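Participant: Sequence first, then the predicted structure:
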Amino acid sequence: ELWGLGADERAQLCVLWMAKKHAPAYMEMAKVADEYDRIAKDKANLERTLALSVMRKSAVIGLTSAALAALAPLVSSLAPAVILVQQAERIPEPLLLSILGPATRQLVLVGDSQRPLAAGARPPRRHPPSLFGRLILAGVDRYNLLQQRRMSPAVARLLSPFYPSMTPPSSGSPRPRGVGPPVFFLTHDRPEAVEPQTRSRCNPHEASFVAALVAHLLRIGVEAINVAVLTPYVGQQELIGKELRSHRDSGLPSPSDVRVSTVDGFDGSAADYILLSLVRSNPHGDTGLAGAGRTVIAALSRARTGLLIVGSAATLKAGSRTWAKVLEVME
């Protein structure tokens, strides 16, 4: 008797009736889902076959590391005989091993031996260990490039403590426009802060100065595409971007078109003029990411013509052995 059932029993009976009512629909949905999975797999196989047929007609195939991560099974099916890896210190070892096979006759790793992501080290969380770094630690024979062709001699000189065998280009390079020497370091003692939105480090004084310096470069005719602003911190990146946007109505040619990036985000790129904002300025010598050897070497090696550095020399020298060497060269 329905009226004799308690509240819990009525709820259970309602669920049972609803399940019986919708059972045919559930069965039909399961069939449709199975059919969809089958069609999706067939489509993926057809696309893979088509991609393989196109790629096998090519003598050379280029992929970014992100594309390699997505297409590793496809690349493995190609069975490449020669694999050339650029910036090998940034490619995780498992990803690289996944495309090696019996057909691979030669593996060429090209990277920065001063920034290996070795298994024995503690790499940043976003950079897993690399095969390149592990082989360097294992003492595998390697060849060093002795001449760089991108940076001016003055910029290359800053890296001499880390690359003592490297020689600058034999031909001269153009002098930077409107900023004096190819390299200068503007030191200050204005304190750092925390950017409220990102909770990352920032330095309002440096952001304002760098934005004004960008405006000066654009005013004397340097194209925005040839200027980049780098900083180790996302908070400073946001603050500099706001400062540049505030110059939008000053009659200058698009100061907001200048690329503003973190040092990690700019890795692998270059610009004629690099403005480097180091942010950290405190009495404790706490340099954090700005003093890390990886960050310093990456930041100093991005400029072709002019490198303009803004930071607290006292803080950097006190808290970073890498910056102490660089500042000693500059002195």
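Facilitator: Thanks, I have it.

Participant: Need the nearest residue in space to Val326, chain neighbours excluded.
Facilitator: Computed as CB to CB, 6 or more residues apart in numbering, the closest residue to Val326 that is not its neighbour in sequence is Leu158, at 5.5 Å. C-betas here are computed from N, CA, C, even on glycine.

Participant: wait, isn't the one you found in contact with Val183?
Facilitator: Yes: Leu158 is within contact range of Val183, at 6.6 Å (criterion: CB atoms under 8 Å).

Participant: which residues are in contact with both of the two?
Facilitator: 307, 330 (CB atoms under 8 Å, 6 or more residues apart in numbering).

Participant: Quick check: the residue nearest to Val326 vs Leu52, distance?
Facilitator: As defined by CB to CB, to the nearest Å, Leu158 lies at a distance of 47 Å from Leu52.

Participant: Who has more neighbours out of these two?
Facilitator: Relative neighbour count places Leu158 above the other of Leu158 and Leu52, with 24 against 13, counting by other CB atoms under 10 Å.

Participant: if I look at the more buried one, how far off is Arg245?
Facilitator: Computed as CB to CB, the Leu158 to Arg245 distance reads 31 Å.

Participant: now do Lys325
Facilitator: Counting by CB to CB, the gap from Lys325 to Arg245 is 36 Å.

Participant: and those two? which has more neighbours close in?
Facilitator: More neighbours surround Lys325 than the other of Lys325 and Arg245, with 18 against 12 (other CB under 10 Å).

Participant: Leaving out chain neighbours, which residue sits closest to that one?
Facilitator: Nearest one to Lys325, counting by CB to CB, 6+ apart, is Pro161 at 4.2 Å.

Participant: since we're on the one you found, how many residues are nearby?
Facilitator: Counted with other CB under 10 Å, residues neighbouring Pro161 total 13.

Participant: where exactly do the strands run in the stretch 101-250 of the chain?
Facilitator: 106-110, 183-187, 193-194, 201-202, 227-231 (DSSP state E, counting those that start in this stretch).

Participant: Deepest-packed of the ones you listed, please.
Facilitator: Compared across the strands of the stretch 101-250 of the chain, strand 227-231 shows the largest average neighbour count, a mean of 28 (mean count of other CB atoms under 10 Å).

Participant: Tell me which other helices or strands it touches.
Facilitator: Using 3 or more CB pairs under 8 Å, 6 or more residues apart in numbering; DSSP states H and E as the contact criterion, the neighbours of strand 227-231 among helices and strands are helix 204-219, helix 234-246, strand 259-262, strand 271-277.

Participant: I'd like to know which of these lies nearest to Leu68.
Facilitator: Among the helices and strands packed on strand 227-231, the nearest to Leu68 by CB to CB is strand 259-262 (22.8 Å).

Participant: Would you mind identifying the next helix or strand past whichever strand in the chain runs longest?
Facilitator: Determined from DSSP state E, the single longest strand within the chain is strand 303-311. With elements assigned by DSSP states H and E, the helix or strand that comes after strand 303-311 is helix 313-319.

Participant: Tell me how far that following helix lies from the chain's centre.
Facilitator: 25 Å (CA atoms, centre = their mean, to the nearest Å).

Participant: Tell me the helices and strands packed up against that helix.
Facilitator: With contacts defined as 3+ CB pairs under 8 Å, 6+ apart, helix 313-319 has these neighbours: strand 183-187, helix 321-330.

Participant: Could you dump the ones you listed into TSV and include distance to Ala303 and mean pLDDT?
Facilitator: Rendered in TSV, the data for the helices and strands packed on helix 313-319 read as follows (distance: least, CB to CB, whole Å; pLDDT from 0 to 100):
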stretch	distance to Ala303	mean pLDDT
strand 183-187	8	92
helix 321-330	14	93
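
Participant: Determine which of these approaches His284 most closely.
Facilitator: Among the helices and strands packed on helix 313-319, helix 321-330 comes nearest to His284, with 15.0 Å by CB to CB.

Participant: so how far is that closest one off the chain centroid?
Facilitator: 24 Å.

Participant: Does whichever helix in the chain runs longest pack against any helices or strands, and if so which?
Facilitator: Using DSSP state H to define each element, the chain has its longest helix at helix 7-55. Under the contact definition 3+ CB pairs under 8 Å, 6+ apart, helix 7-55 sits against helix 65-78.

Participant: Which strands border the helix or strand that the helix it packs on is followed by, and is each parallel or antiparallel?
Facilitator: Where DSSP H and E defines the elements, the next helix or strand beyond helix 65-78 is strand 82-86. With DSSP bridges as the criterion, the sheet partners recorded for strand 82-86 are strand 106-110 (parallel).

Participant: Distance check, Ala25 against Lys31.
Facilitator: To Lys31, Ala25 is 11 Å away according to CB to CB.

Participant: what do you get for Pro283?
Facilitator: According to CB to CB, Pro283 stands 71 Å off from Lys31.
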